[in-house]
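> Can you look at this prediction? I've put the sequence above it.
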Amino acid sequence: MEAVITVIALLFLLFVVLGAYATVKVIGAAKRGVDRTISQARRSVEDTTLRARTFTQPGPAGQIAQLRLTLRTSMRATQDALHSGVAEDESLKESLGLFERLSVHGRELDDELRRLESEPDKRTLSTRLPELRERTERITQSADSLRWAARDRARRFAADDLDSLSEQIDVEAGALRHWTTEPGPTASWPEASAPDTATSSGQTWPEPPRSRPADEPPRSAITPSVQRPTYPWQKKPRPESTT
């Protein structure tokens, strides 16, 4: 009895542990989903704000906003392209590692540009703009190079696969069209026997009936009726009277 109670207690404890583990996993997944949604919404708001500043704030402040918008757009597009391509092409892992190193410089530049947005000294901003623009161009050019290289690689693989598939289809189509045109066996009539000289020289006459042998009696066309035997107790037939 104690063993049964112990087993039941262990099963109950196991179910509790599994339930707690599943609950933690579900909560973690929900939290990551919420964080992802919040991050996307925050990025969308920031991009919209930067796009508005490029039109509403002339001078160095608007140019800094444009630099931030260009940097963020290029880095995000490259990140999405590499992450979506590495699942199909393992060789992109090295490119993804290079992009992670490039992202460190991109985040540093983005933080610096964010701080300069609230800089009241316009002269300092004007003197810093050429250097900031050069750094932004170098980072975005590197990111664009990685992105376009990954896309060209994927497009090349797709083109090679399409070429191979087209060749296989052409071979299969040629095999399907290669049917034989040899005639099949046809029924032939037996050859006619050589005609007799008598028939070939003139008109043919029907053969006369063959004579019967002497010992063979002639056959009558109608079989005669067999006379039935008469017995003494039968009465003789009465003759018909004539008038």
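Thanks, I have it.
> Only the buried residues of the helix or strand where residue 94 lies, if you could.
Taking DSSP states H and E as the criterion, the element that holds residue 94 is helix 92-117. Along helix 92-117, these residues count as buried under the neighbour rule (16 or more other CB atoms under 10 Å): 92, 95-96, 99, 102-103, 106, 109-110, 113, 116-117. In this view, the C-beta of every residue, glycine as well, is placed from N, C-alpha and C.
> helices or strands up against that helix?
Using 3 or more CB pairs under 8 Å, 6 or more residues apart in numbering; DSSP states H and E as the contact criterion, the neighbours of helix 92-117 among helices and strands are helix 60-86, helix 122-177.
> The buried residues of helix 92-117 into a markdown table, with extra columns for pLDDT and distance to residue 6?
Below are the buried residues of helix 92-117 laid out as a markdown table (pLDDT from 0 to 100; distance: CB to CB, whole Å):
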| residue | pLDDT | distance to residue 6 |
| --- | --- | --- |
| 92 | 82 | 54 |
| 95 | 87 | 57 |
| 96 | 88 | 52 |
| 99 | 92 | 56 |
| 102 | 93 | 59 |
| 103 | 93 | 55 |
| 106 | 92 | 60 |
| 109 | 93 | 64 |
| 110 | 92 | 60 |
| 113 | 90 | 66 |
| 116 | 87 | 69 |
| 117 | 83 | 67 |
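> Residue 142: how many residues sit nearby?
As a burial measure, residue 142 scores 19 neighbours (other CB atoms under 10 Å).
> Spit out the contact partners of it.
Contacts of residue 142 were listed using CB atoms under 8 Å, 6 or more residues apart in numbering, and they are residue 102.
> repeat for residue 91
Contacts for residue 91 (CB under 8 Å, 6+ apart) come out as residue 153.
> ok, the residue lying closest to residue 56 once chain neighbours are set aside to residue 3 distance?
Take residue 56 and drop its neighbours on the chain: the residue closest to it by CB to CB, 6 or more residues apart in numbering is residue 62, 7.6 Å away. Shown here: residue 62 relative to residue 3, a distance of 79 Å by CB to CB, to the nearest Å.
> Looking at the two, which has the bigger crowd around it?
A side-by-side neighbour count of residue 62 and residue 3, using other CB under 10 Å, places residue 62 first with 15 against 7.
> before we move on, the earlier item: quick one: the residue nearest to residue 56 and residue 52 touch, right?
No. With contacts defined as CB atoms under 8 Å, residue 62 does not count as touching residue 52, sitting 10.1 Å away.
> residues near residue 158, how many?
Residue 158 has 10 neighbours, counted by other CB under 10 Å.
> before we move on, what about residue 65?
There are 22 residues near residue 65, going by other CB under 10 Å.
> Identify the residues contacting it.
Contact partners of residue 65, counting by CB under 8 Å, 6+ apart, are 50, 53-54, 57, 117.
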